[in-house]
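sequence and computational prediction follow.
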Amino acid sequence: MTLDPINRRSALRQLGLSSLSLPILSQASNLFAEPAKKGAPKQRLIVMFSPNGTIPDHFWPEKTGDDFEHKTILKPLEPFHDKTLILRDLHNKVRGDGDNHMRGMSCLLTGIELFPGNIQGGSDTPAGWPKGISIDREICKYLQSKDETRTRFGALHFGVGVKDTADPWTRMSYDGPNQPVTPLPDPYEAYRKLYGKVREKKRVRSVLDDLRADLKKVADRLPETDRKLLIEHTKLVDRMDKEYAAGSSLNNLVVKPPELPEGIRNQNENLPQLGRLQIDLLVNSFVNDFARVATLQYTKSVGQAKMNWLDIEDAHHTLSHEPDKNKAAYDKLVRINTWFAEELAYLLKKLESTPEPGQKGSMLDHTLVIWTNELGKGNSHTLNNIPFVLIGGGFGFKMGRSISCKNSAHNRLFLSLAHAVGHPLKTFGNAKLSADGPLDLG
(Lines give C-alpha, C1' and ligand atoms only; values in the text may rest on other atoms or scores of the structure.)
Protein backbone atom coordinates (compact mmCIF):
# COMPACT_ATOMS: atom_id res chain seq x y z
CA MET A 1 0.00 0.00 0.00
CA THR A 2 1.28 3.49 -0.90
CA LEU A 3 -0.18 6.72 0.53
CA ASP A 4 0.44 10.21 -0.80
CA PRO A 5 2.02 12.63 1.73
CA ILE A 6 -1.20 14.55 2.50
CA ASN A 7 -3.33 11.44 3.08
CA ARG A 8 -0.51 9.81 5.02
CA ARG A 9 -0.18 12.75 7.43
CA SER A 10 -3.97 13.03 7.79
CA ALA A 11 -4.26 9.35 8.60
CA LEU A 12 -1.53 9.59 11.20
CA ARG A 13 -3.21 12.56 12.91
CA GLN A 14 -6.45 10.59 13.08
CA LEU A 15 -4.56 7.94 14.99
CA GLY A 16 -3.68 10.49 17.68
CA LEU A 17 0.07 10.18 17.24
CA SER A 18 2.51 12.67 18.72
CA SER A 19 3.82 15.61 16.69
CA LEU A 20 7.27 14.03 16.93
CA SER A 21 6.01 10.92 15.15
CA LEU A 22 4.37 12.68 12.20
CA PRO A 23 7.45 14.04 10.40
CA ILE A 24 9.21 10.69 10.44
CA LEU A 25 6.37 8.78 8.81
CA SER A 26 5.62 11.62 6.42
CA GLN A 27 9.21 11.60 5.15
CA ALA A 28 9.40 7.82 4.78
CA SER A 29 7.39 7.44 1.59
CA ASN A 30 9.59 4.69 0.20
CA LEU A 31 8.99 2.58 3.30
CA PHE A 32 5.20 2.57 2.87
CA ALA A 33 5.65 0.38 -0.17
CA GLU A 34 5.69 -3.36 0.08
CA PRO A 35 9.15 -4.92 -0.26
CA ALA A 36 10.22 -5.63 -3.83
CA LYS A 37 9.18 -8.99 -5.15
CA LYS A 38 12.01 -11.47 -5.00
CA GLY A 39 13.12 -13.00 -8.27
CA ALA A 40 12.06 -10.10 -10.52
CA PRO A 41 14.91 -9.30 -12.94
CA LYS A 42 16.34 -5.85 -12.45
CA GLN A 43 16.98 -3.36 -15.25
CA ARG A 44 19.70 -0.80 -14.72
CA LEU A 45 21.01 2.08 -16.80
CA ILE A 46 24.40 3.82 -16.71
CA VAL A 47 25.30 6.77 -18.93
CA MET A 48 29.01 7.54 -19.19
CA PHE A 49 30.08 10.87 -20.68
CA SER A 50 33.42 12.02 -22.07
CA PRO A 51 33.81 15.43 -23.77
CA ASN A 52 35.04 17.31 -26.84
CA GLY A 53 34.09 14.88 -29.61
CA THR A 54 35.83 11.79 -30.93
CA ILE A 55 38.14 11.01 -33.87
CA PRO A 56 35.76 9.42 -36.39
CA ASP A 57 38.37 7.55 -38.46
CA HIS A 58 39.60 5.75 -35.35
CA PHE A 59 36.17 5.28 -33.77
CA TRP A 60 33.46 4.20 -36.20
CA PRO A 61 33.61 0.65 -37.62
CA GLU A 62 33.78 0.40 -41.40
CA LYS A 63 31.11 -2.30 -41.52
CA THR A 64 27.59 -2.55 -40.18
CA GLY A 65 26.16 -5.81 -38.90
CA ASP A 66 27.68 -8.25 -36.44
CA ASP A 67 31.04 -8.60 -38.22
CA PHE A 68 32.30 -5.16 -37.28
CA GLU A 69 35.86 -4.38 -36.25
CA HIS A 70 36.96 -2.48 -33.18
CA LYS A 71 39.14 0.37 -34.35
CA THR A 72 41.83 1.94 -32.17
CA ILE A 73 39.55 3.90 -29.82
CA LEU A 74 37.07 1.04 -29.37
CA LYS A 75 39.76 -1.66 -29.11
CA PRO A 76 39.52 -1.83 -25.27
CA LEU A 77 35.85 -2.84 -25.71
CA GLU A 78 36.63 -5.78 -27.97
CA PRO A 79 36.14 -8.38 -25.19
CA PHE A 80 32.51 -7.21 -25.02
CA HIS A 81 31.87 -7.48 -28.77
CA ASP A 82 28.80 -9.71 -28.42
CA LYS A 83 27.28 -7.36 -25.83
CA THR A 84 27.90 -4.17 -27.80
CA LEU A 85 25.55 -2.13 -29.98
CA ILE A 86 27.12 0.78 -31.89
CA LEU A 87 24.62 3.34 -33.22
CA ARG A 88 25.83 5.26 -36.26
CA ASP A 89 24.15 8.20 -38.02
CA LEU A 90 22.36 9.37 -34.88
CA HIS A 91 22.23 13.15 -34.55
CA ASN A 92 21.47 15.76 -31.94
CA LYS A 93 19.04 17.85 -34.00
CA VAL A 94 18.10 20.27 -31.24
CA ARG A 95 18.67 23.85 -32.35
CA GLY A 96 17.96 27.27 -30.86
CA ASP A 97 19.93 29.38 -28.39
CA GLY A 98 23.43 28.53 -27.24
CA ASP A 99 26.53 27.25 -29.01
CA ASN A 100 27.09 23.63 -30.02
CA HIS A 101 29.06 22.81 -26.89
CA MET A 102 26.20 24.11 -24.72
CA ARG A 103 23.48 22.37 -26.71
CA GLY A 104 25.69 19.34 -27.13
CA MET A 105 25.98 18.96 -23.36
CA SER A 106 22.65 20.19 -21.98
CA CYS A 107 20.53 18.80 -24.81
CA LEU A 108 22.47 15.51 -24.91
CA LEU A 109 20.09 13.66 -22.58
CA THR A 110 17.14 16.08 -22.65
CA GLY A 111 16.60 16.31 -26.41
CA ILE A 112 15.00 19.73 -26.03
CA GLU A 113 15.94 23.36 -26.54
CA LEU A 114 17.61 25.64 -24.01
CA PHE A 115 15.73 28.52 -22.45
CA PRO A 116 16.87 32.00 -23.41
CA GLY A 117 19.43 33.13 -20.85
CA ASN A 118 22.48 35.22 -20.12
CA ILE A 119 25.23 32.60 -20.46
CA GLN A 120 27.28 33.55 -23.50
CA GLY A 121 29.12 30.86 -25.39
CA GLY A 122 30.68 30.83 -28.83
CA SER A 123 27.45 31.75 -30.63
CA ASP A 124 25.51 34.98 -31.07
CA THR A 125 22.72 33.85 -28.75
CA PRO A 126 23.30 33.37 -25.02
CA ALA A 127 21.25 30.66 -23.34
CA GLY A 128 20.14 29.15 -20.07
CA TRP A 129 19.18 25.67 -18.87
CA PRO A 130 17.17 23.20 -20.99
CA LYS A 131 13.39 23.19 -21.11
CA GLY A 132 12.87 19.60 -20.00
CA ILE A 133 13.92 16.52 -18.05
CA SER A 134 16.79 14.24 -19.09
CA ILE A 135 16.10 10.62 -20.03
CA ASP A 136 18.08 9.22 -17.08
CA ARG A 137 15.91 11.15 -14.62
CA GLU A 138 12.73 10.32 -16.58
CA ILE A 139 13.48 6.60 -16.33
CA CYS A 140 14.45 7.02 -12.68
CA LYS A 141 11.13 8.67 -11.86
CA TYR A 142 9.24 5.93 -13.66
CA LEU A 143 11.08 3.21 -11.71
CA GLN A 144 10.59 5.10 -8.44
CA SER A 145 6.84 5.32 -9.10
CA LYS A 146 6.46 1.55 -8.69
CA ASP A 147 6.83 -0.40 -5.47
CA GLU A 148 8.72 -3.26 -7.08
CA THR A 149 11.44 -1.07 -8.65
CA ARG A 150 11.73 1.69 -6.05
CA THR A 151 15.17 2.07 -4.46
CA ARG A 152 16.75 4.25 -1.79
CA PHE A 153 18.17 6.90 -4.15
CA GLY A 154 16.58 6.09 -7.50
CA ALA A 155 19.49 7.58 -9.42
CA LEU A 156 23.09 8.46 -8.55
CA HIS A 157 25.31 10.87 -10.43
CA PHE A 158 29.08 10.55 -10.24
CA GLY A 159 31.55 13.14 -11.51
CA VAL A 160 35.25 12.82 -12.30
CA GLY A 161 37.07 16.12 -12.58
CA VAL A 162 33.80 18.06 -12.50
CA LYS A 163 34.33 21.42 -10.82
CA ASP A 164 31.90 23.52 -8.78
CA THR A 165 30.90 25.89 -11.58
CA ALA A 166 27.33 25.21 -12.74
CA ASP A 167 26.41 26.14 -16.32
CA PRO A 168 25.08 24.42 -19.46
CA TRP A 169 28.60 23.14 -20.25
CA THR A 170 28.88 21.26 -16.94
CA ARG A 171 25.48 19.54 -16.47
CA MET A 172 23.89 16.77 -18.52
CA SER A 173 21.21 15.48 -16.10
CA TYR A 174 18.08 17.50 -15.39
CA ASP A 175 15.17 16.77 -13.06
CA GLY A 176 12.91 19.00 -15.15
CA PRO A 177 12.94 22.39 -16.87
CA ASN A 178 15.60 24.65 -15.31
CA GLN A 179 16.54 21.90 -12.83
CA PRO A 180 20.17 20.82 -13.34
CA VAL A 181 21.40 17.87 -11.27
CA THR A 182 24.87 18.27 -9.78
CA PRO A 183 27.06 15.16 -10.01
CA LEU A 184 28.90 14.02 -6.89
CA PRO A 185 32.33 15.53 -7.64
CA ASP A 186 34.63 13.14 -5.81
CA PRO A 187 34.46 9.65 -4.26
CA TYR A 188 34.67 10.90 -0.67
CA GLU A 189 31.48 12.91 -1.10
CA ALA A 190 29.86 9.97 -2.87
CA TYR A 191 30.85 7.70 0.01
CA ARG A 192 29.30 10.09 2.56
CA LYS A 193 26.06 10.18 0.59
CA LEU A 194 25.90 6.40 0.30
CA TYR A 195 27.13 5.29 3.71
CA GLY A 196 27.68 8.31 5.94
CA LYS A 197 24.35 8.58 7.79
CA VAL A 198 24.83 5.84 10.34
CA ARG A 199 24.66 8.25 13.30
CA GLU A 200 21.43 9.80 12.06
CA LYS A 201 19.89 6.34 11.73
CA LYS A 202 20.68 5.57 15.37
CA ARG A 203 18.87 8.76 16.45
CA VAL A 204 15.84 7.81 14.38
CA ARG A 205 15.69 4.41 16.07
CA SER A 206 15.30 6.05 19.46
CA VAL A 207 12.32 8.00 18.14
CA LEU A 208 10.81 4.84 16.67
CA ASP A 209 10.54 3.40 20.18
CA ASP A 210 8.31 6.36 21.11
CA LEU A 211 6.34 5.91 17.91
CA ARG A 212 5.68 2.26 18.69
CA ALA A 213 4.41 3.29 22.12
CA ASP A 214 2.10 5.86 20.47
CA LEU A 215 0.54 3.20 18.27
CA LYS A 216 0.01 0.83 21.17
CA LYS A 217 -1.51 3.63 23.27
CA VAL A 218 -4.29 4.41 20.76
CA ALA A 219 -5.04 0.83 19.70
CA ASP A 220 -7.90 0.26 22.16
CA ARG A 221 -9.57 3.58 21.29
CA LEU A 222 -9.98 2.95 17.58
CA PRO A 223 -13.09 1.45 15.99
CA GLU A 224 -12.73 -1.86 14.19
CA THR A 225 -12.74 -0.16 10.78
CA ASP A 226 -9.61 1.83 11.65
CA ARG A 227 -7.60 -0.96 13.20
CA LYS A 228 -6.48 -2.25 9.80
CA LEU A 229 -4.73 1.07 9.20
CA LEU A 230 -3.19 0.87 12.65
CA ILE A 231 -1.86 -2.61 11.92
CA GLU A 232 -0.34 -1.36 8.66
CA HIS A 233 1.43 1.47 10.46
CA THR A 234 2.61 -0.85 13.21
CA LYS A 235 4.13 -3.11 10.58
CA LEU A 236 5.72 -0.06 8.99
CA VAL A 237 7.33 0.93 12.28
CA ASP A 238 8.71 -2.59 12.68
CA ARG A 239 10.10 -2.48 9.14
CA MET A 240 11.63 0.94 9.73
CA ASP A 241 13.20 -0.24 12.95
CA LYS A 242 14.69 -3.30 11.29
CA GLU A 243 16.04 -1.25 8.38
CA TYR A 244 17.60 1.37 10.60
CA ALA A 245 18.98 -1.26 12.96
CA ALA A 246 20.63 -3.07 10.08
CA GLY A 247 21.69 0.16 8.43
CA SER A 248 23.36 1.39 11.59
CA SER A 249 26.02 -1.27 11.21
CA LEU A 250 25.73 -1.64 7.43
CA ASN A 251 24.87 -5.30 7.97
CA ASN A 252 22.01 -5.13 5.49
CA LEU A 253 24.31 -4.61 2.52
CA VAL A 254 24.81 -7.37 -0.04
CA VAL A 255 28.46 -6.31 -0.15
CA LYS A 256 30.31 -3.92 2.13
CA PRO A 257 31.41 -0.52 0.80
CA PRO A 258 34.88 -0.33 -0.71
CA GLU A 259 37.62 1.15 1.42
CA LEU A 260 38.83 4.47 0.07
CA PRO A 261 42.50 5.40 0.35
CA GLU A 262 43.05 8.67 2.15
CA GLY A 263 44.34 11.90 0.72
CA ILE A 264 43.42 11.69 -2.98
CA ARG A 265 42.50 15.28 -3.75
CA ASN A 266 40.08 16.31 -6.47
CA GLN A 267 42.80 17.53 -8.81
CA ASN A 268 43.67 17.00 -12.46
CA GLU A 269 46.63 14.67 -11.86
CA ASN A 270 44.44 12.34 -9.76
CA LEU A 271 41.67 11.81 -12.32
CA PRO A 272 42.59 8.17 -13.08
CA GLN A 273 42.45 7.20 -9.39
CA LEU A 274 39.33 9.27 -8.74
CA GLY A 275 37.56 7.72 -11.72
CA ARG A 276 38.30 4.16 -10.61
CA LEU A 277 37.06 4.92 -7.08
CA GLN A 278 33.86 6.43 -8.46
CA ILE A 279 33.32 3.34 -10.61
CA ASP A 280 33.86 1.08 -7.60
CA LEU A 281 31.28 3.05 -5.62
CA LEU A 282 28.83 3.06 -8.54
CA VAL A 283 28.98 -0.72 -8.92
CA ASN A 284 28.76 -1.18 -5.14
CA SER A 285 25.65 1.00 -5.01
CA PHE A 286 24.03 -1.12 -7.73
CA VAL A 287 24.90 -4.40 -5.98
CA ASN A 288 23.24 -3.07 -2.82
CA ASP A 289 20.28 -1.84 -4.89
CA PHE A 290 20.62 1.77 -3.78
CA ALA A 291 19.74 2.88 -7.32
CA ARG A 292 18.86 1.49 -10.75
CA VAL A 293 20.09 4.51 -12.74
CA ALA A 294 23.49 6.23 -12.68
CA THR A 295 25.60 8.65 -14.66
CA LEU A 296 29.39 8.84 -14.79
CA GLN A 297 30.58 12.21 -16.09
CA TYR A 298 34.24 12.77 -16.98
CA THR A 299 35.05 16.51 -16.78
CA LYS A 300 32.65 18.58 -18.89
CA SER A 301 31.97 20.04 -22.28
CA VAL A 302 34.96 22.23 -23.17
CA GLY A 303 36.80 20.23 -20.50
CA GLN A 304 40.47 21.18 -20.26
CA ALA A 305 41.89 18.18 -18.42
CA LYS A 306 45.59 17.62 -19.03
CA MET A 307 46.19 13.89 -19.43
CA ASN A 308 49.71 13.91 -18.06
CA TRP A 309 49.37 10.22 -17.11
CA LEU A 310 49.36 9.68 -20.89
CA ASP A 311 52.39 11.97 -21.27
CA ILE A 312 50.11 14.63 -22.74
CA GLU A 313 50.62 18.12 -21.34
CA ASP A 314 48.16 19.89 -23.65
CA ALA A 315 44.64 20.68 -22.43
CA HIS A 316 41.99 18.40 -23.93
CA HIS A 317 39.64 21.02 -25.35
CA THR A 318 42.49 23.04 -26.82
CA LEU A 319 43.77 19.91 -28.57
CA SER A 320 40.30 19.17 -29.93
CA HIS A 321 40.32 22.45 -31.86
CA GLU A 322 43.46 21.55 -33.82
CA PRO A 323 43.00 20.68 -37.51
CA ASP A 324 43.32 17.06 -38.58
CA LYS A 325 46.58 17.84 -40.39
CA ASN A 326 48.23 18.54 -37.01
CA LYS A 327 49.36 14.94 -36.64
CA ALA A 328 50.76 15.37 -33.13
CA ALA A 329 47.47 16.76 -31.82
CA TYR A 330 45.48 14.16 -33.80
CA ASP A 331 47.44 11.28 -32.29
CA LYS A 332 47.06 12.69 -28.78
CA LEU A 333 43.29 12.91 -29.20
CA VAL A 334 43.18 9.28 -30.31
CA ARG A 335 45.11 8.32 -27.16
CA ILE A 336 42.80 10.41 -24.95
CA ASN A 337 39.65 8.84 -26.38
CA THR A 338 41.19 5.38 -26.13
CA TRP A 339 41.90 6.06 -22.45
CA PHE A 340 38.22 6.87 -21.89
CA ALA A 341 37.36 3.55 -23.56
CA GLU A 342 39.78 1.81 -21.17
CA GLU A 343 37.98 3.37 -18.19
CA LEU A 344 34.68 2.19 -19.64
CA ALA A 345 36.18 -1.28 -20.01
CA TYR A 346 37.11 -1.19 -16.31
CA LEU A 347 33.48 -0.45 -15.44
CA LEU A 348 32.25 -3.23 -17.72
CA LYS A 349 34.68 -5.76 -16.23
CA LYS A 350 33.52 -4.84 -12.72
CA LEU A 351 29.91 -5.43 -13.73
CA GLU A 352 30.72 -8.64 -15.61
CA SER A 353 32.72 -10.10 -12.72
CA THR A 354 29.98 -9.34 -10.18
CA PRO A 355 27.24 -11.99 -9.91
CA GLU A 356 23.72 -10.63 -10.21
CA PRO A 357 22.20 -10.84 -6.70
CA GLY A 358 19.39 -13.40 -6.67
CA GLN A 359 19.60 -14.09 -10.42
CA LYS A 360 21.68 -16.01 -12.90
CA GLY A 361 24.45 -14.31 -14.80
CA SER A 362 26.40 -11.16 -14.05
CA MET A 363 25.34 -7.63 -13.28
CA LEU A 364 26.34 -6.65 -16.82
CA ASP A 365 23.62 -8.99 -18.07
CA HIS A 366 21.08 -6.78 -16.28
CA THR A 367 22.70 -3.38 -16.90
CA LEU A 368 22.81 -1.25 -20.06
CA VAL A 369 25.82 1.06 -20.21
CA ILE A 370 25.82 3.93 -22.72
CA TRP A 371 29.00 5.81 -23.63
CA THR A 372 28.39 9.14 -25.30
CA ASN A 373 29.81 12.61 -26.03
CA GLU A 374 28.44 16.10 -26.61
CA LEU A 375 30.01 16.41 -30.09
CA GLY A 376 30.58 14.16 -33.06
CA LYS A 377 33.96 15.73 -33.79
CA GLY A 378 35.75 18.37 -31.77
CA ASN A 379 37.28 20.69 -34.37
CA SER A 380 34.08 20.90 -36.43
CA HIS A 381 31.78 21.19 -33.39
CA THR A 382 29.26 19.02 -35.22
CA LEU A 383 26.18 17.69 -33.48
CA ASN A 384 25.84 15.03 -36.16
CA ASN A 385 27.04 11.46 -35.62
CA ILE A 386 27.10 11.74 -31.85
CA PRO A 387 28.89 8.67 -30.46
CA PHE A 388 26.45 6.27 -28.83
CA VAL A 389 27.91 2.93 -27.78
CA LEU A 390 25.56 0.63 -25.85
CA ILE A 391 26.95 -2.33 -23.92
CA GLY A 392 25.26 -4.88 -21.67
CA GLY A 393 21.94 -6.62 -21.30
CA GLY A 394 18.61 -6.21 -19.64
CA PHE A 395 16.92 -3.89 -22.14
CA GLY A 396 16.04 -6.50 -24.75
CA PHE A 397 18.07 -4.92 -27.56
CA LYS A 398 19.86 -7.13 -30.10
CA MET A 399 23.51 -6.64 -29.25
CA GLY A 400 26.74 -7.58 -31.04
CA ARG A 401 26.08 -5.17 -33.93
CA SER A 402 27.03 -1.88 -35.51
CA ILE A 403 23.96 -0.34 -37.18
CA SER A 404 22.95 2.81 -39.00
CA CYS A 405 20.15 4.87 -37.50
CA LYS A 406 19.59 6.54 -40.88
CA ASN A 407 20.20 10.11 -39.74
CA SER A 408 17.62 9.92 -36.96
CA ALA A 409 17.29 12.40 -34.11
CA HIS A 410 18.73 11.00 -30.89
CA ASN A 411 15.35 11.60 -29.22
CA ARG A 412 14.24 8.32 -30.79
CA LEU A 413 16.92 6.42 -28.88
CA PHE A 414 15.53 7.82 -25.65
CA LEU A 415 12.06 6.58 -26.55
CA SER A 416 13.61 3.13 -27.07
CA LEU A 417 15.18 3.26 -23.61
CA ALA A 418 11.90 4.29 -21.98
CA HIS A 419 9.90 1.61 -23.78
CA ALA A 420 12.47 -1.03 -22.81
CA VAL A 421 11.73 -0.47 -19.11
CA GLY A 422 7.97 -0.48 -19.70
CA HIS A 423 7.51 3.30 -19.84
CA PRO A 424 5.50 3.82 -23.07
CA LEU A 425 6.26 7.46 -23.77
CA LYS A 426 4.88 8.74 -27.07
CA THR A 427 7.43 11.56 -27.35
CA PHE A 428 10.49 12.72 -25.46
CA GLY A 429 12.12 16.15 -25.46
CA ASN A 430 11.19 18.07 -28.58
CA ALA A 431 8.07 16.20 -29.70
CA LYS A 432 8.77 16.81 -33.39
CA LEU A 433 12.19 15.16 -33.10
CA SER A 434 10.69 11.96 -31.71
CA ALA A 435 7.62 11.88 -33.94
CA ASP A 436 8.93 8.81 -35.81
CA GLY A 437 8.82 6.76 -32.62
CA PRO A 438 11.46 4.62 -30.95
CA LEU A 439 14.37 3.17 -32.89
CA ASP A 440 14.03 -0.47 -33.87
CA LEU A 441 16.87 -1.97 -31.80
CA GLY A 442 15.44 -5.47 -31.65
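Cool, the structure landed.

span of stretch 40-53 from start to end?
The first residue of stretch 40-53 is 38 Å away from its last residue (C-alpha to C-alpha, to the nearest Å).

got the buried residues for that stretch?
Judged by neighbour count using 16 or more other C-beta atoms under 10 Å, the buried positions of stretch 40-53 are 42-53. C-beta: built from backbone N, CA, C; applies to glycine.

what sits against the closest residue in space to residue 383 that isn't next to it in sequence?
Nearest non-adjacent residue to residue 383, counting by C-beta to C-beta, 6 or more residues apart in numbering: residue 92, 4.1 Å away. By C-beta atoms under 8 Å, 6 or more residues apart in numbering, the residues touching residue 92 are 103-104, 107-108, 111, 383-384, 386, 409-410.

three-state assignment of the spatially most central residue of the chain?
In the chain, the centroid-proximal residue (C-alpha atoms, centre = their mean) is residue 294; its distance is 2.2 Å. Classification of residue 294 using DSSP: H, G, I helix; E, B strand; the rest coil returns strand.

hang on, isn't it packed against residue 281?
No. Look at residue 294 against residue 281 with C-beta atoms under 8 Å: they stay out of range, at 9.8 Å.

can you list residues touching both of these two?
Counting by C-beta under 8 Å, 6+ apart, the shared contacts of residue 294 and residue 281 are residue 158.

for the residue nearest to the centre of the chain, what are its contacts?
The contact partners of residue 294, by C-beta under 8 Å, 6+ apart, come to 44-47, 155-158, 282, 285-286.

mind listing which of these are in strands?
Using DSSP state E, 44-47, 155-158 are the members of the contacts of residue 294 that sit in strands.

now the residues you listed in TSV, with pLDDT?
Putting those into TSV (pLDDT from 0 to 100) gives the following:
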residue	pLDDT
44	98
45	98
46	98
47	98
155	98
156	98
157	98
158	98
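
pipe those residues into TSV and attach distance to residue 418 per row.
Output for the ones in strands among the contacts of residue 294, formatted as TSV (distance: C-beta to C-beta, whole Å):
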residue	distance to residue 418
44	15
45	10
46	16
47	14
155	14
156	19
157	19
158	22
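
please identify the helix or strand for residue 98.
Using DSSP states H and E, residue 98 is not contained in any helix or strand.

quick check: it touching residue 106?
Yes. Contact between residue 98 and residue 106 holds when scored by C-beta under 8 Å: they sit 7.5 Å apart.

got any residues that touch both of the two?
Taking C-beta under 8 Å, 6+ apart as the criterion, residue 98 and residue 106 both touch 114, 168.

just to be sure, residue 255 is in a strand?
No. Read with three-state DSSP, residue 255 is coil and lies in no strand.

got a list of what the closest residue to it other than its chain neighbours touches?
What sits nearest to residue 255 in space, not counting adjacent residues and going by C-beta to C-beta, 6+ apart, is residue 287, at 5.1 Å. By C-beta under 8 Å, 6+ apart, the contact set of residue 287 is 254-255, 354, 357, 363.

swap in 10 Å and give it another go.
By C-beta atoms under 10 Å, 6 or more residues apart in numbering, the contact set of residue 287 is 253-255, 350-351, 354-357, 363.

ok, and the most crowded of these?
Most neighbours among the contacts of residue 287, by other C-beta atoms under 10 Å: residue 351, with 26 neighbours.

what about the helices in the stretch 251-400 of the chain?
Here the stretch 251-400 of the chain has its helices, by DSSP state H, counting those that start in this stretch, at 271-287, 316-320, 327-352.

can you give me the buried ones in the shortest one?
Of the residues in helix 316-320, those buried under the neighbour-count criterion (16+ other C-beta under 10 Å) are 316-317, 319-320.

the last one too?
Buried residues in helix 327-352, counted by 16+ other C-beta under 10 Å: 329-330, 332-341, 343-348, 350-352.

swap in stretch 161-175?
By neighbour count on 16+ other C-beta under 10 Å, the buried set for stretch 161-175 is 161-162, 167-174.

just send those residues back as a markdown table, with secondary structure, pLDDT and distance to residue 83 too.
As requested, the buried residues of stretch 161-175 are exported to a markdown table (DSSP: H, G, I helix; E, B strand; the rest coil; pLDDT from 0 to 100; distance: C-beta to C-beta, whole Å):
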| residue | secondary structure | pLDDT | distance to residue 83 |
| --- | --- | --- | --- |
| 161 | coil | 95 | 28 |
| 162 | coil | 93 | 28 |
| 167 | coil | 93 | 35 |
| 168 | coil | 94 | 33 |
| 169 | coil | 94 | 32 |
| 170 | coil | 95 | 31 |
| 171 | coil | 97 | 29 |
| 172 | coil | 97 | 24 |
| 173 | coil | 98 | 25 |
| 174 | strand | 98 | 29 |
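
in the chain, which ranges drop under the pLDDT threshold?
Along the chain, segments meeting pLDDT under 70 span 1-39, 197-252.

go again using 90 as the cut-off
Along the chain, segments meeting pLDDT under 90 span 1-41, 118-125, 163-165, 195-259, 263, 357-358, 394, 442.

which residues of it fall in strands?
44-49, 84-91, 114-119, 127-130, 154-160, 291-298, 367-372, 388-392, 401-409.

mind giving me CSV with those strands and columns for distance to residue 421?
Shown next, in CSV, are the strands of the chain (distance: least, C-beta to C-beta, whole Å):
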stretch, distance to residue 421
strand 44-49, 8
strand 84-91, 16
strand 114-119, 27
strand 127-130, 22
strand 154-160, 13
strand 291-298, 9
strand 367-372, 10
strand 388-392, 14
strand 401-409, 20
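
the ones you listed: which one's closest to residue 271?
Nearest to residue 271 among the strands of the chain is strand 154-160 (5.9 Å), distances taken as C-beta to C-beta.

out of the contacts of residue 287, which two are the most distant from each other?
253 and 351, at 17.6 Å, using C-beta to C-beta across the contacts of residue 287.

which of the buried residues of stretch 161-175 sits closest to residue 144?
Of all the buried residues of stretch 161-175, residue 144 sits closest to residue 173, with 14.8 Å by C-beta to C-beta.

was I right about the closest one contacting residue 134?
Yes. With contact defined as C-beta atoms under 10 Å, residue 173 and residue 134 form a contacting pair (4.9 Å).

how near is residue 65 to residue 398?
To residue 398, residue 65 is 11 Å away according to C-beta to C-beta, to the nearest Å.

what's the answer for residue 104, then?
Residue 104 sits 28 Å away from residue 398, going by C-beta to C-beta.

these two: who's more crowded?
Legend: neighbour count by other C-beta under 10 Å for residue 104 and residue 398, higher for residue 104 (28 against 11).
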